[in-house]
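Engineer: Next comes the sequence, and after it the predicted model I'd like to discuss.
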Amino acid sequence: MGWDSWPPIHLILRPEKLTLENTKLGTINGNFMGARMLKLIARLLLCMLPLIAKESAMAYEEPSYELLSATEQYEVRRYYERVVVQTLEESGRNQAFRRLFKYISGDNNTALKISMTVPVLQSEKIAMTAPVLESNSDKGSLMQFYLPSEYSIESAPVPDHPLVELAVLDRMTYAVKKFSGRSSAKNFADKARILKDSLTIDGLEFYDVSISATYNAPFTPFFLRRNEVMLRLKK
């Protein structure tokens, strides 16, 4: 059930009284102990948070992949060919995100609005022999949005911004480590180090450029977020 189908509820908190107004249930007034009521509200919100996360996650398309194997530390996935829109950013992440978001919001040659997808990818800008998907470096970082699967490189709207371009990601195999929490550069770097150590122990060769993948909106509580660090395998 979507949030739009819930009856409107208004909570009015006062020091001495809580008023619950609901157009379908009527109005209930009562005097409550402040601490007890705050605990009740907190528990209610905690129960609702998974529903919020589920609602937001269900709204976005994800790229298809084949799960080849899995260990306690990582999964090996084969991703299929997909069209992305991308931009290089040397000064920071926000500008890159704004450019790409403007593109899917209609800043293209057809003024077409395109559905948001997940994850958002970032990586160091490097030679095409290695993955080009976030690690900051002197060369800048590349941010990419997957386009919905209905688009090909020929049918996708052409970006208006000169620093935004379309590209095709070929079929590739990645080692992927999932984690929750904040999508900070430190967290991604820590998880990338763990992933590299695990792959080295298992004898798997990889390109030494980590890719950060974020799946959730900024307002998602950090403990409900889904983040992934990815390394492209050489074989």
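Structural biologist: Cool, got the structure. Remember, it's a predicted structure, so these values are computed and weren't measured experimentally.
Engineer: From here on, just use CA atoms for contacts and neighbour counts.
Structural biologist: Will do.
Engineer: Number of residues surrounding residue 171?
Structural biologist: By other Cα atoms under 10 Å, the residues close to residue 171 number 11.
Engineer: is it true that residue 36 lies in a helix?
Structural biologist: Yes - counting by DSSP: H, G, I helix; E, B strand; the rest coil, residue 36 is located in a helix.
Engineer: Please list all residues in contact with it.
Structural biologist: Going by Cα atoms under 8 Å, 6 or more residues apart in numbering, residue 36 touches no other residue.
Engineer: Tell me how many other residues surround the nearest residue to residue 206 once chain neighbours are set aside.
Structural biologist: Counting by Cα to Cα, 6 or more residues apart in numbering, residue 233 is the residue found nearest to residue 206 once chain neighbours are left out, at 4.2 Å. Applying other Cα under 10 Å, we find 20 residues neighbouring residue 233.
Engineer: and residue 233, what are its phi and psi?
Structural biologist: Main-chain dihedrals, residue 233, degrees, to the nearest 10: phi -90, psi 150.
Engineer: got the contact list for the closest residue to residue 159 other than its chain neighbours?
Structural biologist: Distances taken as Cα to Cα, 6+ apart place residue 108 nearest to residue 159, at 4.3 Å, with adjacent residues excluded. Residue 108 sits next to 157, 158, 159, 160, 161 when contact means Cα under 8 Å, 6+ apart.
Engineer: Please, where are all the strands along this structure?
Structural biologist: Assigned strands in the chain, in chain order: 9-13, 18-22, 26-30, 65-70, 75-79, 82-89, 120-124, 141-146, 164-169, 172-179, 211-214, 227-232 (criterion: DSSP state E).
Engineer: What residues sit buried inside the fourth one?
Structural biologist: Applying a neighbour-count criterion of 16 or more other Cα atoms under 10 Å, the buried positions in strand 65-70 are residue 65.
Engineer: Return the list of helices and strands in contact with it.
Structural biologist: Applying 3 or more Cα pairs under 8 Å, 6 or more residues apart in numbering; DSSP states H and E, we find strand 65-70 packed against strand 75-79.
Engineer: List the contacts of the strand it packs on.
Structural biologist: With Cα under 8 Å, 6+ apart as the criterion, strand 75-79 contacts 63-70, 171-177.
Engineer: Show me the strands paired with it, marking each as parallel or antiparallel.
Structural biologist: strand 65-70 (antiparallel), strand 172-179 (antiparallel) (DSSP bridges).
Engineer: These: which one's closest to residue 84?
Structural biologist: strand 172-179 (14.2 Å; Cα to Cα).
Engineer: Can you mark which positions in that closest one are buried?
Structural biologist: Buried, per 16+ other Cα under 10 Å, within strand 172-179: 172, 173, 174, 175, 176, 177, 179.
Engineer: mind putting those residues in JSON lines, distance to residue 94 included?
Structural biologist: Below are those laid out as JSON lines (distance: Cα to Cα, whole Å):
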{"residue": "172", "distance to residue 94": "28"}
{"residue": "173", "distance to residue 94": "29"}
{"residue": "174", "distance to residue 94": "26"}
{"residue": "175", "distance to residue 94": "27"}
{"residue": "176", "distance to residue 94": "25"}
{"residue": "177", "distance to residue 94": "24"}
{"residue": "179", "distance to residue 94": "22"}
